[in-house]
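Engineer: Sequence first, then the predicted structure, then my questions.
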Amino acid sequence: MKTILLATDFSENATLAAHFAAQLANDQKATLVLVHAYQAWPDNPAKTGDFPLSVNATRDISETELQKLAHELTKKHGAYIPIRFVALEGSAREVIQRETVIEEADLLIMSTVGTAPQSAQVLGSLATDMITQIAVPLLLIPPGRTYEGIKNVVLGIDLASPPNAFALSTVLDFTKAFGCALDVLCISNKLDDPNTQDQAEHIRHLLDQQHYSLTIEAQEGDIYNTLLTYAHTSKADLIMMLPQTRNWLDSLFTEGETKHLARLTDIPVLAVV
């Protein structure tokens with residue numbers, strides 16, 4: 001892992017996620033890039049002047065805040081973490097998407113909530129929306145979560161839509177980078193169906209180069225409840241999910257399991273795409 005990108009809106013939860021990212025970058029010997037998107041208002045030809053809400057003033061404020069955050073992270077977690085920062089005008093979604101490509105990021109980290117934690121848990125947030133709109137693995141940090149290393153990882157797999165070999169290969173890359181134990185939880189609402197065991201065997205075959213444990217559990221209510229209960233019992237430091245591609249109509253009316261989990265979990269979630 002060479003480059004970790006941390007998107008921040010300077011909220012308290014985003015700053016906690018930045019500390020998490022800095023410690024992870026330190027463990028991985030990776031460069032940390034701090035990214036903030038700003039939008040000047042009002043949008044008129046005079047906005048390039050020096051008045052308080054101009055583009056220039058907004059950019060300067062953003063860069064000052066990023067510099068302060070970088071200094072705070074360096075002071076607390078060590079001067080040997082390479083940290084860069086960039087402030088760009090535009091919508092947060094577009095800026096983050098673009099910067100992950102430009103920086104060739106191996107991992108994007110965001111807090112699950114920003115300045116409105118209550119509404120984020122009910123409606124979701126930019127971070128949870130980004131799960132299906134980003135081309136790199138996305139690590140979502142819930143409020144108040146601090147970094148304590150990543151030793152135990154639970155990978156949740158819905159056997160109704162099992163992952164492909166490429167997705168599992170990416171999972172293996174991360175588990176090797178983290179040096180963690182991998183506990184694969186296969187969830188099915190049809191334990192008696194012969195296809196369930198066939199799908200589990202297929203996953204075992206795809207993971208044959210990795211040390212892991214595999215458990216098949218009946219789905220009890222939402223997949224979210226089954227997976228989170230299992231992760232707490234296993235004392236997992238991280239939950240990995242493999243978001244499934246969904247068409248735009250499904251996305252309008254239903255919420256994916258990964259987004260549902262990320263909204264409500266108190267354990268960091270890594271969405272592997």
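Structural biologist: Cool, the structure landed.

Engineer: drop to CA atoms for contacts and neighbour counts, all remaining ones
Structural biologist: Noted.

Engineer: count of residues packed around residue 139?
Structural biologist: 26 (other Cα atoms under 10 Å).

Engineer: Need phi/psi at the residue nearest to residue 272 when sequence neighbours are not counted.
Structural biologist: The spatially closest residue to residue 272, leaving aside those adjacent along the chain, is residue 137, at 4.6 Å (Cα to Cα, 6 or more residues apart in numbering). Backbone torsions of residue 137, given as degrees, to the nearest 10, read phi -60, psi 140.

Engineer: Residue 137 touches residue 243, doesn't it?
Structural biologist: No: applying Cα atoms under 8 Å as the test, residue 137 and residue 243 come out as separate, 10.3 Å apart.

Engineer: Show me which of those two is the more surrounded one.
Structural biologist: residue 137 (21 against 18).

Engineer: Pull up the gap between the more buried one and residue 33, please.
Structural biologist: According to Cα to Cα, to the nearest Å, residue 137 stands 15 Å off from residue 33.

Engineer: likewise residue 94?
Structural biologist: Using Cα to Cα, residue 94 is found at 16 Å from residue 33.

Engineer: Mind checking which of these two has more residues around it?
Structural biologist: More crowded of residue 94 and residue 33, by other Cα under 10 Å: residue 33, with 24 against 13.

Engineer: can I assume the more buried one sits in a helix?
Structural biologist: No: counting by DSSP: H, G, I helix; E, B strand; the rest coil, residue 33 falls outside a helix, being strand.

Engineer: what ranges do the helices span in the stretch 151-273 of the chain?
Structural biologist: 165-178, 194-206, 223-233, 248-253, 257-264 (DSSP state H, counting those that start in this stretch).

Engineer: For residue 129, find the nearest of those helices.
Structural biologist: Of all the helices of the stretch 151-273 of the chain, helix 257-264 sits nearest to residue 129, with 7.3 Å by Cα to Cα.

Engineer: Helix 223-233 and that closest one, what's the angle between them?
Structural biologist: Angle of helix 257-264 versus helix 223-233, following axes from the mean of the first three to the mean of the last three Cα atoms, to 10 degrees, is 60 degrees.

Engineer: and helix 257-264, how far from the chain's centre?
Structural biologist: 11 Å (Cα atoms, centre = their mean, to the nearest Å).

Engineer: Now for residue 137 and residue 243: what residues contact both?
Structural biologist: Counting by Cα atoms under 8 Å, 6 or more residues apart in numbering, the shared contacts of residue 137 and residue 243 are 271, 272, 273.

Engineer: top of those residues by neighbour count?
Structural biologist: Counting by other Cα under 10 Å, residue 271 has the largest number of neighbours within those, with 25 neighbours.

Engineer: Give me the pLDDT for that residue.
Structural biologist: The per-residue pLDDT reported for residue 271 equals 92.

Engineer: quick one: it from residue 240, how far?
Structural biologist: Residue 271 is 6 Å from residue 240, by Cα to Cα.

Engineer: got it, and residue 59?
Structural biologist: From residue 59 to residue 240 the distance is 36 Å (Cα to Cα).

Engineer: Great, nothing more from me.
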